[in-house]
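# Below are the sequence and a predicted model for it; my questions follow.
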Amino acid sequence: VLDEQGCCLKINPAFSSHLGYSQAQMQARSLANLTHPDDRKRHEDAIAKSITHPTQAKFTCRYQHQSGDYCWLSWSIATVSPLTGETPNTKHTNTQLYCVARDVTTEKQDYQKQLVAAQAEYQAKYQAKCDEFQRSTEQTHRQFKQVRQEAQMYADAVQNMQIGLYIWHLEEKDITEGKPSEEIEKQAPENHHQQSTAETLRLVASNPAAQEATGVDALPFIGKTIEEMFPALITTGIPQTYINVIRSGQNCDLGEVEYGDQNVKPSIFTVKAFPLKGQCVGITFENITQRRQYEQAHQAKEEQLRIIFNQAGIGMARLSLTGQWIQVNQKLCSLLEYSKTELLEKTFSDVGPPEEAATDQTFFQQLISQEHDQLTFEKRYITQSGHIIWALVTLSVVREAAATAVEALYFIATIQNITERKPNALS
């Protein structure tokens with residue numbers, strides 16, 4: 001039982017059992033003095049409210065045991081005024097508070113343990129989520145770094161590739177621009193959009209090899225149409241082919257394309273088109289003009305050599321580096337009495353005395369090793385009918401410059417019958 005100042009008037013044995021204080025120790029002592037510092041204001045407010053508002057008050061606070069420990073007490077307080085007809089709001093000095101407390105320390109401790117466990121579980125889950133997020137962030141960062149490196153690698157490859165590259169973007173253009181309004185108004189309304197717009201391609205990127213192949217600096221043409229950059233393409237179906245590649249999503253090999261205008265020297269290009277994302281098409285091309293000119297010159301030279309080879313008045317042949325006949329003329333076939341088919345199945349040494357085969361191989365190695373570029377020597381041959389003839393042989397090697405050295409390709413042999421110069425020649 002408390003007075004209106006919150007001081008103890010009377011305690012029961014259970015109170016003494018819970019807090020360890022006797023009636024004498026608690027007599028006229030404020031209960032607030034035993035309250036935990038963090039709970040004291042809540043205790044005092046509850047007591048004050050019970051005096052001014054005599055409804056049953058309930059609250060829970062911590063109180064110090066005589067041993068120094070704290071225990072939790074859950075209070076229910078009823079206000080009683082001993083003066084008849086007097087309300088609790090009337091100013092008086094005899095109001096008493098009847099307080100009933102229940103020890104809830106074990107419940108609070110259990111709750112605290114559950115709270116700590118829940119906090120620990122939450123912290124563990126939170127930490128796990130943080131770790132997972134960290135790993136995900138690191139993985140994303142690594143992936144982004146890898147993608148960026150790959151993108152840079154591809155960009156460097158495009159810039160350094162020896163094949164020209166243009167990237168064109170498909171869009172619509174207004175073809176009525178610059179036309180008189182009267183001419184535009186004559187168009188049927190339903191055909192107005194179709195007749196006033198057309199598909200075109202605008203340049204969005206190129207690489208240095210493209211300028212080298214065409215002689216045109218692409219930088220001033222970025223954002224320009226394909227007709228502005230290559231006006232001679234207007235009369236061809238090439239721009240439409242590029243558009244079809246975008247529409248179909250299929251690669252297209254245009255083969256060899258001849259092109260020239262006021263900026264591009266007439267040239268031959270091999271052209272391939274492939275679709276890209278974002279309504280774009282990539283065009284790779286090579287200028288093969290010099291290659292075609294070389295091939296044509298080479299073919300003309302080969303034709304001249306073929307004529308000389310076949311019409312020569314002496315035997316001529318082309319041999320592999322092992323001495324296999326590769327090409328023979330009719331004069332040599334007649335000299336050795338073999339058909340072309342029969343002779344091509346034999347080697348240089350097969351139609352000579354066996355004892356000279358080693359010498360033949362020595363000559364081959366001297367030419368291959370660049371000890372000599374050409375050798376001239378006399379050699380005996382055995383015709384298909386078994387006759388022995390003497391011949392003056394000139395053997396030379398044809399070479400080609402390779403990446404690291406000059407490589408021998410094949411031998412050229414001229415074989416001239418000199419049997420008549422040998423009066424003692426065996427028949």
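Cool, the structure landed.
# which stretches of the chain form strands?
2-3, 57-64, 70-80, 96-103, 164-174, 197-206, 252-259, 267-276, 280-287, 315-319, 325-328, 374-382, 388-401, 406-417 (DSSP state E).
# Reformat the ones you listed as JSON lines; add mean neighbour count, distance to residue 233 and mean pLDDT.
(Each C-beta comes from the backbone N, C-alpha and C, glycine too.) Shown next, in JSON lines, are those (neighbours: other Cβ atoms under 10 Å; distance: least, Cβ to Cβ, whole Å; pLDDT from 0 to 100):
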{"stretch": "strand 2-3", "mean neighbour count": "19", "distance to residue 233": "105", "mean pLDDT": "88"}
{"stretch": "strand 57-64", "mean neighbour count": "19", "distance to residue 233": "90", "mean pLDDT": "90"}
{"stretch": "strand 70-80", "mean neighbour count": "18", "distance to residue 233": "92", "mean pLDDT": "89"}
{"stretch": "strand 96-103", "mean neighbour count": "17", "distance to residue 233": "97", "mean pLDDT": "90"}
{"stretch": "strand 164-174", "mean neighbour count": "17", "distance to residue 233": "11", "mean pLDDT": "86"}
{"stretch": "strand 197-206", "mean neighbour count": "18", "distance to residue 233": "10", "mean pLDDT": "85"}
{"stretch": "strand 252-259", "mean neighbour count": "13", "distance to residue 233": "7", "mean pLDDT": "95"}
{"stretch": "strand 267-276", "mean neighbour count": "18", "distance to residue 233": "11", "mean pLDDT": "95"}
{"stretch": "strand 280-287", "mean neighbour count": "20", "distance to residue 233": "11", "mean pLDDT": "94"}
{"stretch": "strand 315-319", "mean neighbour count": "21", "distance to residue 233": "46", "mean pLDDT": "93"}
{"stretch": "strand 325-328", "mean neighbour count": "18", "distance to residue 233": "45", "mean pLDDT": "93"}
{"stretch": "strand 374-382", "mean neighbour count": "16", "distance to residue 233": "53", "mean pLDDT": "94"}
{"stretch": "strand 388-401", "mean neighbour count": "16", "distance to residue 233": "38", "mean pLDDT": "90"}
{"stretch": "strand 406-417", "mean neighbour count": "16", "distance to residue 233": "42", "mean pLDDT": "91"}
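# Export those strands as CSV, with columns for distance to residue 237.
Converted to CSV, those look like this (distance: least, Cβ to Cβ, whole Å):
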stretch, distance to residue 237
strand 2-3, 106
strand 57-64, 91
strand 70-80, 93
strand 96-103, 97
strand 164-174, 15
strand 197-206, 13
strand 252-259, 10
strand 267-276, 12
strand 280-287, 15
strand 315-319, 45
strand 325-328, 44
strand 374-382, 55
strand 388-401, 40
strand 406-417, 43
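# Check the gap between the closest residue to residue 101 other than its chain neighbours and residue 51 for me.
Nearest non-adjacent residue to residue 101, counting by Cβ to Cβ, 6 or more residues apart in numbering: residue 73, 4.2 Å away. Distance of residue 73 to residue 51, computed by Cβ to Cβ, to the nearest Å: 19 Å.
# And residue 350, by the same measure?
In terms of Cβ to Cβ, residue 350 sits 136 Å off from residue 51.
# Could you do residue 296 as well?
120 Å.
# got a list of what the nearest residue to residue 376 once chain neighbours are set aside touches?
Distances taken as Cβ to Cβ, 6+ apart put residue 394 closest to residue 376, at 4.7 Å, once the chain neighbours are dropped. Shown in contact with residue 394 (Cβ atoms under 8 Å, 6 or more residues apart in numbering): 374, 375, 376, 413, 414.
# beta partners of residue 394?
Taking DSSP bridges as the rule, residue 394 bridges to residue 376, residue 414.
# and residue 350 and residue 51? which has more neighbours close in?
residue 51 (19 against 14; other Cβ atoms under 10 Å).
# ok now do the residue nearest to the more buried one when sequence neighbours are not counted, which residues does it touch?
Leaving out its chain neighbours, the residue that sits closest to residue 51 by Cβ to Cβ, 6+ apart is residue 4, at 5.3 Å. When contacts are counted by Cβ under 8 Å, 6+ apart, residue 4 touches 51, 93, 95, 96, 97.
# Need the residues you listed in TSV (columns: distance to residue 105).
Formatted as TSV, the contacts of residue 4 follow (distance: Cβ to Cβ, whole Å):
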residue	distance to residue 105
51	27
93	35
95	30
96	27
97	22
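# how about these, which pair is most distant?
93 and 97 (13.5 Å; Cβ to Cβ).
# partners of residue 400 in the sheet?
residue 407.
# Quick check: it vs residue 58, distance?
Relative to residue 58, and taking Cβ to Cβ, residue 400 is found at 108 Å.
# ok, and what's touching stretch 71-85?
Against stretch 71-85 from outside (Cβ under 8 Å, 6+ apart): 18-19, 46-47, 50-51, 54, 56-63, 65, 87-88, 90, 92, 94-105, 107-108.
# No further queries at this time; thank you.
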